[in-house]
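Asker: pasting the structure only:
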């Protein structure tokens, strides 16, 4: 549940923050959101990753549709990736990795702040 | 454990974020490039999708309206000149910022800053040629003598800088993102530098090669193979022109001792073959509608973003439209409500070399007559991307910079050559264009040209009042016959230029009886012109074809002029091919391939249309034949230049048994026929290879016209294999990398009817639909409507932007 919540919030964060801030500021934001929502480690990784990766993927596809530009293909060729499609993939994967690490870092940060409770019998 | 895992992952995350923000070798930083909100994806937008209705600009005195037509051609309406050029700077930067900056970086010898050590030699050469030095002098000239022009150039720079100041990452041109740098502020100096860069592109010299040829062939041999005037001279200014002035006297020294060293320096890059232009104007008496018609098509390197950017610039006092050079003010080739003008390169040897004898290794002084003259040192710091800067010391003499010395491009420690070039003198070309933009008649045109120094141009002119004119304008050194054809001794004061040809003695004509004026980079004048004129690269074919057609045509229409700009008739082939076929005789008569190719050649109509095979076969055959003829000469291991194709064909036709054709070291005596046959054998070999590898050898497929991005390795930003005809020496001079970079035809009637096109698009952004949308129109020989627009006109508007003062 928290993982889904983090995914959605990350996506919203990317949509609203990324246009005015560079990717590293978005990464910081994802870390904070992830620390607040506090899923488990895998949830943080997947939530941040999917949130950012999918939004980047969606944005590249959206730009492709509204501009019909040949630039992604030209860039794909220039970078030796063949086509714009592979570049969409690379962008999404990069977004996923950056978001994933940020989400995971947020969770571990929150972990660190949690009080160590000892000697409690949880039955 | 919690702490350490957090720190570990934090370090990993931060490391990753850092890593993707850094370049790896030539690979740009990945995250800023791929970020869909700031990276290259944002360059997918075309300009109409980013249209702004209103923008604010500092330092304006009133509102400025910019109306874009459907081809993204901006029409700027301002209240005064300062506002106009400020807006021109802003708008040009908006569409062409990367290009204008890149070109001035190249002109300043700063390419290494962008691409790394690979460009050091190029940068050293640029700086040693003194382009930046010339621009500095030009800037000083404006400060001292023409503050009015300077204030306009500064307003333009302010416009560019206001655009740069508000530029977001998303809108940054994609080339900056890939090459990982950012624009720096523009300045008036950079605009001047750009005009020097044009000189560099268009001016060459063959002093070194001619010096070597003189040694090898002797004076008589040289004059025979490289005559000053061709047999059939069809000059820019009509032969009948009477020179009604008293020429300035030039004193030729009694004896001339040329430096006689074995000369093997690396040669300066020369303007590439195919660089040239056509322009002409027909008077109303030859035109169907009774109005003068003017045409201009400069042939330059075909590049993307295009060298040209179209604009209309209007104030309540004037309205001018045509092709601008991004980075320079005003329109360079265009028309206004009263006149039209155009430019072609006025080829002439205005670059001379002087051998410098230094007193000692310190190079503080050099021999000049009986004295020692002091030198200046200019320290050039060439910054290099990713490396320590390279320091180059260039010695300056009163002639100019010592380009070749012990540290640069010579294999001899004692060979020093200084370059004398008008580019190194203060000048004011910008003023010419600003005045021309507002000219109303022939007198205004003449006054505008008086400010123009370099690169020398043939300025064609036509006015609504019925005048047609041509003036060859540049600052031309006064030379005695043969001066500057060879390297000269800088220690001998008699070798100095003796001043300049006065502007009013520059060759010109107004309303000649033949009813037209024209130029195509050929010899400027008839031998009756009282000053010495020399160049190696004068055109011999386009000019004759053009003048023949203009003489034949009557009742001329705009369509005829468009047709002439797209004329593919290969006059050289028409003159040479029958001779070659005759000289070939029965050689290879038994070969089926030979018969096939020969039949194609015989049935060819000499038009270099894209589908023609004869043009391909001829171009290979002639090139191989000429190569064979001059192979012996070119075997000498010093820089040399071959006789022109015109002279080669002249020899083949007129004296096919001349000893010049004999190949040394063979038992028999070769004639022109032997070379034609050798050339034909080479053609068969080349065609066999081509047919196996490529198949189709129609002309367009063979010449593969390419419009290349300014960074040649950005191949996907270039347009390749364009289906279009023409070639070097043909009026439609579109070769594989050079050609008509702008075509304009203007009929000067009651209202101006104008048409224009260039191979590119208004946008400099490879992601925009306006980046290359003109190319197919251009390749088909079609044009866009270029009529002047009024502010109120509503049809065909893409969008409008109003600049309000801030």
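Answerer: Okay, I see it. All figures in this text were calculated on a predicted structure; none of them were measured in a lab. Numbering: from 1, shown residues only, chains lettered A, B, ... in the order given.
Asker: How is chain B partitioned into domains?
Answerer: Here the domain parsing of chain B from automatic domain parsing is B:2-69+B:77-116+B:142-200, B:571-703.
Asker: what's the most buried one of the ones you listed?
Answerer: Counting by mean count of other CB atoms under 10 Å in any protein chain shown, domain B:2-69+B:77-116+B:142-200 has the highest mean neighbour count of those, with a mean of 19. No exception for glycine: its C-beta is placed from N, CA and C like everyone else's.
Asker: State the mean pLDDT of it.
Answerer: Rounded to a whole number, the mean pLDDT of domain B:2-69+B:77-116+B:142-200 is 93.
Asker: Would you mind measuring the gap between the ends of that domain?
Answerer: The stretch domain B:2-69+B:77-116+B:142-200 measures 66 Å between its terminal residues, going by CA to CA, to the nearest Å.
Asker: any idea how far that domain is from the chain center?
Answerer: With CA atoms, centre = their mean, to the nearest Å as the basis, the distance from the averaged C-alpha position of domain B:2-69+B:77-116+B:142-200 to the chain average is 25 Å.
Asker: rewinding a little: for residue B:136, find the nearest of the domains of chain B.
Answerer: For residue B:136, the closest of those is domain B:2-69+B:77-116+B:142-200, at 7.2 Å, according to CB to CB.
Asker: and chain A, which of the domains of chain B is closest to it?
Answerer: For chain A, the closest of the domains of chain B is domain B:2-69+B:77-116+B:142-200, at 3.6 Å, according to CB to the nearest CB.
Asker: The closest one and chain A in contact?
Answerer: Yes: figure legend: domain B:2-69+B:77-116+B:142-200 in contact with chain A (CB under 8 Å from any CB of the partner chain); contacting residues B:2-3, B:5-6, B:9-10, B:12-13, B:16-17, B:20-21, B:30-32, B:34-38, B:40-46, B:49, B:169-170, B:174, B:178.
Asker: on that earlier part again, select, out of the domains of chain B, the one closest to residue A:49.
Answerer: Between residue A:49 and those, the shortest separation by CB to CB is 11.9 Å, and it involves domain B:2-69+B:77-116+B:142-200.
Asker: Single out the residue in the stretch 451-600 of chain B that lies closest to chain A.
Answerer: Nearest to chain A, among the residues of the stretch 451-600 of chain B, is residue B:566, at 27.8 Å (CB to the nearest CB).
Asker: mind listing what that residue touches?
Answerer: When contacts are counted by CB atoms under 8 Å, 6 or more residues apart in numbering or on different chains, residue B:566 is found next to B:726, B:731, B:732, B:781.
Asker: Please determine how far it is located from residue B:543.
Answerer: Residue B:566 sits 17 Å away from residue B:543, going by CB to CB, to the nearest Å.
Asker: related to what we said a few turns ago, so which of the contacts of residue B:566 wins on neighbours?
Answerer: Of all the contacts of residue B:566, the most densely surrounded is residue B:726 (30 neighbours; neighbours counted as other CB atoms under 10 Å in any protein chain shown).
Asker: Was I right to think that residue contacts residue B:743?
Answerer: No: with contacts defined as CB atoms under 8 Å, residue B:726 does not count as touching residue B:743, sitting 11.5 Å away.
Asker: rewinding a little: identify those among the residues of domain B:2-69+B:77-116+B:142-200 next to chain A that sit within helices.
Answerer: Judged by DSSP state H, helices contain the following of those: B:2-3, B:5-6, B:9-10, B:12-13, B:16-17, B:30-32, B:34, B:174, B:178.
Asker: circling back: just flag the most distant two among the contacts of residue B:566.
Answerer: Farthest-apart pair in the contacts of residue B:566 is B:731 and B:781; separation 11.4 Å (CB to CB).
Asker: which residues are common contacts for these two?
Answerer: Once CB under 8 Å, 6+ apart is applied, the residues that residue B:731 and residue B:781 both contact turn out to be B:565, B:566.
Asker: Could you tell me which residues of chain B lie near chain A?
Answerer: Contact residues of chain B with respect to chain A, defined by CB under 8 Å from any CB, are listed as B:2-3, B:5-6, B:9-10, B:12-13, B:16-17, B:20-21, B:30-32, B:34-38, B:40-46, B:49, B:169-170, B:174, B:178, B:714-717, B:766-769.
Asker: the longest helix in chain A is where?
Answerer: Per DSSP H, chain A has its longest helix at helix A:84-113.
Asker: What is it packed up against?
Answerer: Using 3 or more CB pairs under 8 Å, 6 or more residues apart in numbering or on different chains; DSSP states H and E as the contact definition, the elements that helix A:84-113 packs against are helix A:2-17, helix A:23-37, helix A:41-67, helix A:71-78, helix B:2-19, helix B:30-34.
Asker: Which elements pack onto the shortest one?
Answerer: Spelled out, that is helix B:30-34. Contacting helix B:30-34 under the criterion 3+ CB pairs under 8 Å, 6+ apart are the following elements: helix A:23-37, helix A:84-113, helix B:174-179.
Asker: do the fourth one as well
Answerer: Packing contacts for helix A:71-78, counted by 3+ CB pairs under 8 Å, 6+ apart, involve helix A:84-113, helix B:174-179.
Asker: for residue 109, what are its contacts?
Answerer: Since no chain was named, I'll use chain A. When contacts are counted by CB under 8 Å, 6+ apart, residue A:109 touches A:31, A:35, B:6, B:10.
Asker: meant chain B actually
Answerer: If a contact means CB under 8 Å, 6+ apart, then residue B:109 has B:122, B:123, B:124, B:125, B:126, B:127, B:131, B:132, B:380, B:382 as its contacts.
Asker: How about residues contacting whichever strand or helix holds residue B:313?
Answerer: With secondary structure defined by DSSP states H and E, residue B:313 is part of strand B:309-314. In this structure, residues lying in contact with strand B:309-314 by CB under 8 Å, 6+ apart are B:71, B:73-78, B:84, B:88, B:91-92, B:95-96, B:319-326, B:330-331, B:437, B:756, B:758, B:762, B:786, B:788-789, B:791.
Asker: Among these, name the buried ones.
Answerer: Neighbour counting with 16 or more other CB atoms under 10 Å in any protein chain shown marks B:71, B:73-78, B:84, B:88, B:91-92, B:95-96, B:319-326, B:330-331, B:437, B:756, B:758, B:762, B:786, B:788-789 as buried within these.
Asker: What about these, which are in strands?
Answerer: Residues from the buried ones among the contacts of strand B:309-314 lying in strands, with DSSP state E as the criterion: B:74, B:75, B:76, B:77, B:319, B:320, B:321, B:322, B:323, B:324, B:756.
Asker: list the buried ones in stretch B:136-143?
Answerer: Applying a neighbour-count criterion of 16+ other CB under 10 Å, one finds B:136, B:137, B:138, B:139, B:141, B:142 buried in stretch B:136-143.
Asker: Quick check: the last one touching residue B:427?
Answerer: No: here residue B:142 does not reach residue B:427: they are 9.7 Å apart, not a contact under CB under 8 Å.
Asker: Quick one: name whatever helix or strand follows the longest helix along chain B.
Answerer: Taking DSSP H as the assignment, the helix of chain B that covers the most residues is helix B:81-107. With elements assigned by DSSP H and E, the helix or strand that comes after helix B:81-107 is helix B:112-115.
Asker: Other residues contacting that following helix?
Answerer: When contacts are taken as CB under 8 Å, 6+ apart, the neighbours of helix B:112-115 outside the stretch itself are B:102, B:105, B:118-120, B:122-123, B:179, B:181, B:382-385, B:390.
Asker: let's see 7 Å
Answerer: B:105, B:119, B:120, B:123, B:179, B:181, B:382, B:383, B:384, B:385 (CB atoms under 7 Å, 6 or more residues apart in numbering or on different chains).
Asker: So which of those residues wins on neighbours?
Answerer: Neighbour-wise, those (other CB under 10 Å) top out at residue B:123, 24 neighbours.
Asker: Contacts only, for it.
Answerer: For residue B:123, the set of contacting residues under the criterion of CB under 7 Å, 6+ apart consists of B:109, B:110, B:111, B:112, B:382.
Asker: ok, for the second one, nearest residue in space, not its chain neighbours?
Answerer: Leaving out its chain neighbours, the residue that sits closest to residue B:110 by CB to CB, 6 or more residues apart in numbering or on different chains is residue B:123, at 6.6 Å.
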